[in-house]
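Q: how does the following fold in three dimensions:
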Amino acid sequence: MSLRRSAFSPGRIFRVAAGCALGLAAGHGAAAAPNELGHPILRHYTPGEHLFGLTSVTMTQDTTGTMYLSNEGDLLSFDGAHWDYHRLPTESAGVREFAVTDEGTIFYAGAGVLGFVSGAGPRAACVSLVDHLPAAQRNVDELFHAAALGRTVYFSDENRILIWRDLRFRVVPFATPPQSHGARFHRVGDTLYVTALGRGLGRIKNDGVEMVAADPVWRENQIISVEAGTGGSLVVLTAEHGFFQRSADGRVAPLPVDANRWLAGKRIFCAQRLADGSHVVAFSAASGDGGMSFAPDGRYLGPIDTSIGLAVKTVRGFFCDREGGLWVGTEAGAARLEWPSPATVFDAVNGLGQGPVNDIVRRDGVLYAATAEGNFRLVPVDAAGRAAHFERIPGRSELPPDFGQDSSGEANARPSAELNALVQRLPHFVRATIGAVSRVRQESGPDGEVLWVCGEEGLARIEGGRAFPPPVPFATQLSATN
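A: Presented below is the predicted three-dimensional model:
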């Protein structure tokens, strides 16, 4: 690889990629370079901002772009600038899962609550559906899951499935073991699959559950997700045994991906597939909390914990908003990550310290950074899965004599006209995160071009050939408050 002062085309990093964005990966293919991703740009939304509840359990978004968050027993909405509180029944312990119909109506189910959101913004109101149930079926103390298919909405507890259509409920008995959290729903195209401990793979048909497969993988595992694979197959993620694939002829076998090696011995609490085909997973407390991210081909990308800037490592939910951001619900509020994204960052979170980054250089395959606090070397993601980070080095013996200075001997050289033009084309939330830019370096290698941008508050790593999403309300809020 080579590093040089940028002759990088300002338009190149903003060209529109064909299809959806690539996974947030250090490289592509079997000969990928070491993973040198920084942490995603993120914004915390702590309980101190809205003063309702600590743990963000689940999240969704309405047709106006407003976010809805279940914080313990409270239901909140956030439009990127203002928080609103929406009253739930006093006996409710909170929403556990949302479902959004094709028409955009938000339904919810949880502990002592079953209903939908009428309206939007500050005027939105929670409307209960409990009174629409038959009198003998109005116990909604422990609803766990919800899903929508077209205009029909499905809810479940450990003994039944409730089907809401045309302003009325149909109750389908569906017993599951105690403490198993009932039937789980998995939408794949126009099919709604149903899984539960002790049962095979089922699907909704004619307001009932039709059994599709009885393989032990389905009966003996808690199924986290079911997704479409290639050639009519299904890709299945289990809570304790990783990914499997069900072929079109019904055979089930472990999916041959690197992710399964990383997931061995872990118990998955929840997971989310991102728009680019990559996955994020969160672990239960028994597995140490935190989580991991994986590329579309199953390669390990890095951890999801405090090493990427989260306030705590207890992740309780994920949600991908329509603007391309990833929301992470934690036991200390929620965070919105710009992820997947061409840009990741190194700063005090991942070892680079405080203050300006004056320059970078790569020598013998190692990237070095000169900052106001001293000199650092970049350590890529290691075999244990620790995120890429910088470590301080003593002295300058490993570095060129003039490293960190321009030709006149002055550090933090004034950006050139070309550099200014390039920097101004970066999204504002990137510039706001790293501060005023002093230097840009371009790196070319087998995995493509990477732009390293040195700023007053950190170092940004930007992958060439990938498009940033257009400015959006939450990104605007992020840049204004980060």
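
Q: and the gap between the residue nearest to Arg203 when sequence neighbours are not counted and Val236?
A: Spatially, and ignoring its direct neighbours in sequence, Arg203 is nearest to Tyr193 (5.1 Å; C-beta to C-beta, 6 or more residues apart in numbering). (Each C-beta comes from the backbone N, C-alpha and C, glycine too.) Taking C-beta to C-beta, to the nearest Å as the criterion, Tyr193 is separated from Val236 by 10 Å.

Q: ok so, going back, and the helix or strand hosting the residue nearest to Arg203, what's buried?
A: Secondary structure assignment for Tyr193, by DSSP states H and E: strand 191-195. Buried residues in strand 191-195, counted by 16 or more other C-beta atoms under 10 Å: Leu192, Tyr193, Val194, Thr195.

Q: residues contacting the helix or strand immediately after it in the chain, please?
A: Later in the chain than strand 191-195, the nearest helix or strand by DSSP H and E is strand 201-205. Outside strand 201-205, the residues within contact range by C-beta atoms under 8 Å, 6 or more residues apart in numbering are 149, 154, 191-195, 209-215, 218, 226, 246.

Q: cool, stretch 263-281 as well?
A: 20-24, 224-225, 227, 237-240, 242-243, 259, 282-284, 286-287, 291-296, 301, 304, 315-320, 324, 326, 339-340.

Q: how long is stretch 441-456 end to end?
A: One end of stretch 441-456 sits 15 Å from the other (C-alpha to C-alpha, to the nearest Å).

Q: will you turn the buried residues of strand 191-195 into JSON lines that also has distance to Pro400?
A: Output for the buried residues of strand 191-195, formatted as JSON lines (distance: C-beta to C-beta, whole Å):
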{"residue": "Leu192", "distance to Pro400": "61"}
{"residue": "Tyr193", "distance to Pro400": "59"}
{"residue": "Val194", "distance to Pro400": "63"}
{"residue": "Thr195", "distance to Pro400": "58"}
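
Q: which of these sits closest to Gly351?
A: Within the buried residues of strand 191-195, proximity to Gly351 (C-beta to C-beta) peaks at Thr195, which comes in at 41.7 Å.

Q: quick check, pLDDT for the closest one.
A: pLDDT recorded at Thr195 is 98.

Q: swap in Val472?
A: In this model, Val472 is scored at 56, pLDDT.

Q: returning to what we had before: overlap in contacts of Tyr193 and Val236?
A: Val226.

Q: circling back to that earlier point, which of the contacts of stretch 263-281 fall in helices?
A: Mapping the contacts of stretch 263-281 onto helices (DSSP state H) picks out Ala259.

Q: quick one: low-confidence ranges for the protein?
A: 1-32, 404-416, 418-419, 446-447, 469-482 (pLDDT under 70).

Q: could you pull out the helices in it for me?
A: In the chain, the helices defined using DSSP H lie at 47-50, 216-220, 259-263, 417-424, 428-434, 473-481.

Q: which of those is buried the deepest?
A: Highest mean neighbour count among those (mean count of other C-beta atoms under 10 Å): helix 428-434, with a mean of 21.

Q: packing partners of it?
A: Under the contact definition 3 or more C-beta pairs under 8 Å, 6 or more residues apart in numbering; DSSP states H and E, helix 428-434 sits against strand 343-346, strand 448-455, strand 458-463, helix 473-481.

Q: same thing but 6 Å
A: strand 458-463, helix 473-481 (3 or more C-beta pairs under 6 Å, 6 or more residues apart in numbering; DSSP states H and E).

Q: against Phe244, how distant is Val188?
A: Distance of Val188 to Phe244, given as C-beta to C-beta: 15 Å.

Q: which of these two has more neighbours?
A: Phe244 (21 against 15; other C-beta atoms under 10 Å).

Q: how about that one: what's its closest non-neighbour residue?
A: Closest to Phe244 by C-beta to C-beta, 6+ apart is Val236, at 4.5 Å.
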